[in-house]
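S.K.: Pasting a predicted model and its sequence here:
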Amino acid sequence: MPVEIPTLEAMASHVKSIPTLPGVLIELSRRMSDPKTSSDELAQVIQQDQAISSKVLKLVNSPFYGYSGKIHTINQGIVILGFNAIKNLVLSTSVMEAFKGTESGEHFRMELLWIHSAAVAGVSRLLAERSGCADPDEAFVAGLLHDIGKVLLWISEPKLLTACIQASEGHGIQLEEVEMSVLGFEDCELASVLAERWKFPSSLRDSLRWRPQPERAGASAPLASAIHCANILCIAMGASALSRTVMPRPAPKAWQSMGLHHDDHLRQILSEIPLRIEGARAFVNSA
Amino acid sequence: MSVRDTIRDAKGQVLLPAGVLLGDSQIAQLLQRGIPAVSIAVEESEEAREARVVARKAQILELFGETGETPELEQLRRIVLEFADAG
């Protein structure tokens, strides 16, 4: 019996069944665009959602953020880490919560995917800080969500994703290339559909869409370059989303824009990755 | 057996710095302070280190092949192998 291949449009309609993000995030974005909003008011908005505020506090006090036991209230978190960092933590927590309970399979393990994603988030932040190319907090969120299209594909078409992964491993071809030839679209396109549904900023949406080819991301190319390179560096250092991964090829322009073509800089960044991977495990356990 | 990471209380004050030997009295003190688990630094034997380096290099060669396909991949492969050699 022939296998029915879903179109991107069909997959996009499936995205509609993915839970919406909590109202607290929408309210937070609205208040943040008003320069008169105080940190007290923002803290009050977040505290309306008890589950999210306690998770955010748990995360900022985890080894990943390095404020072990020092931040006791959301207001204190905003003062120490800044509005954007806290908003992005609310966003990250909400996204991970939306996909909580997704079961793993033999070829697609959710735990591996989240640890890889959190490691890419940490390294994206590091690259953004060192290169000054993008907002480090936004780079963190983009890194955390860079593989979210794979999760959507896994939830809706587990057999097809498994077939793509097996073909990629068996023939040594990039997963994105297999997806394109089998499905007619790449998982990063699904990530951008979800980003649109969740009304993420266009910079985040475009960087997720063009992560494999960051030079095509227009004004978001620096952010896309940070997550593109962070993904490759994490895989190279042993933190891959899949148990057997075909090594992605760095886009030369993105690689140079992060200064990674200089051996000393590449060594410096790589030396910091094991700690980020360890932090990623703590982040996933806390989220 | 020594503590791998510095242990702090809820206020951020250091209870035990990284590297301190962990004896019965320290364990009792930590339990009293409500800390149920800590990371332990494990001393690796020379054989274990060698085996880990060999396994990591095999993993890198599987990932990158004998040479990198592009100049960027070759540079990355070379430096990741340096890291593996350094253990």
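M.R.: Received the coordinates, thanks. Numbers count the residues shown, from 1 in each chain, chains lettered A, B, ... in the order given.
S.K.: List the residues that contact A:Glu196.
M.R.: Neighbour list for A:Glu196: A:Arg205 [criterion: C-beta atoms under 8 Å, 6 or more residues apart in numbering or on different chains]. To be clear about C-beta, it is placed using only N, CA and C from the backbone, and glycine gets the same treatment.
S.K.: Wait, A:Arg205 touches A:Ser192, no?
M.R.: Yes: using C-beta atoms under 8 Å, A:Arg205 makes contact with A:Ser192 at a distance of 5.1 Å.
S.K.: now the closest residue to chain B within the stretch 101-250 of chain A, nearest residue through space, not along the chain?
M.R.: At 4.0 Å from chain B, A:Pro250 is the closest residue in the stretch 101-250 of chain A, using C-beta to the nearest C-beta. Spatial nearest neighbour of A:Pro250, chain neighbours left out: B:Glu72 (4.0 Å); criterion: C-beta to C-beta, 6 or more residues apart in numbering or on different chains.
S.K.: does that neighbour belong to a helix or a strand, and which?
M.R.: Using DSSP states H and E, B:Glu72 maps to helix B:71-86.
S.K.: Can you name every helix or strand that that helix contacts?
M.R.: helix A:221-236, helix A:252-257, helix A:263-286, helix B:46-64 (3 or more C-beta pairs under 8 Å, 6 or more residues apart in numbering or on different chains; DSSP states H and E).
S.K.: what's the most buried one of those?
M.R.: helix A:221-236 (a mean of 27; mean count of other C-beta atoms under 10 Å in any protein chain shown).
S.K.: ok and that one relative to helix A:263-286, angle-wise?
M.R.: Going by axes from the mean of the first three to the mean of the last three C-alpha atoms, to 10 degrees, helix A:221-236 is angled at 80 degrees with respect to helix A:263-286.
S.K.: Close to chain B: what parts of chain A are there?
M.R.: A:63, A:67-70, A:232-233, A:235-238, A:245, A:247, A:249-250, A:252, A:255, A:260-261, A:263, A:266-267, A:270-271 (C-beta under 8 Å from any C-beta of the partner chain).
S.K.: cutoff 7 Å now
M.R.: A:68-70, A:236-238, A:247, A:249-250, A:252, A:255, A:263, A:266-267, A:270 (C-beta under 7 Å from any C-beta of the partner chain).
S.K.: Report the buried residues of the one helix or strand A:Glu177 maps to.
M.R.: Assigned by DSSP H and E, A:Glu177 belongs to helix A:175-182. Neighbour-count burial for helix A:175-182 flags A:175-179, A:182 (criterion: 16 or more other C-beta atoms under 10 Å in any protein chain shown).
S.K.: ok, A:Lys58 touching A:Ser286?
M.R.: Yes: look at A:Lys58 against A:Ser286 with C-beta atoms under 7 Å: they come within range, at 5.0 Å.
S.K.: What's opposite the residue nearest the centre of chain B in the beta bridge?
M.R.: With distances taken as C-alpha atoms, centre = their mean, B:Ala41 lies nearest the centre of chain B, 8.1 Å away. Per DSSP bridges, the residues bridged to B:Ala41 are B:Ser2.
S.K.: Quick check: it vs chain A, distance?
M.R.: 13 Å (C-beta to the nearest C-beta, to the nearest Å).
S.K.: domain ranges for the chain?
M.R.: No chain was given, so I picked chain A. A:21-98, A:102-287 (automatic domain parsing).
S.K.: Please refer instead to chain B.
M.R.: B:2-41, B:46-86.
S.K.: In terms of mean pLDDT, which of those ranks lowest?
M.R.: Of all the domains of chain B, domain B:2-41 carries the lowest average pLDDT, namely a mean of 77.
S.K.: Next, count neighbours for A:Glu4.
M.R.: Applying other C-beta atoms under 10 Å in any protein chain shown, we find 8 residues neighbouring A:Glu4.
S.K.: Let me know the secondary structure of it.
M.R.: Of the three states, A:Glu4 takes coil under DSSP: H, G, I helix; E, B strand; the rest coil.
S.K.: So which residues on chain B come close to chain A?
M.R.: B:8-12, B:59, B:63-64, B:69-70, B:72-73, B:75-76, B:79-80, B:83.
S.K.: do that again at 10 Å, thanks
M.R.: Counting by C-beta under 10 Å from any C-beta of the partner chain, the positions of chain B adjacent to chain A are B:5-13, B:39, B:56, B:59-60, B:62-65, B:68-73, B:75-80, B:82-84, B:86.
S.K.: Only whichever of those residues are buried, select them in ChimeraX.
M.R.: Burial among those is assessed by 16+ other C-beta under 10 Å; the matching ChimeraX selection reads:
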select /B:5,7,8,56,60,63,64,68,72,73,75,76,77,79,80,83,84
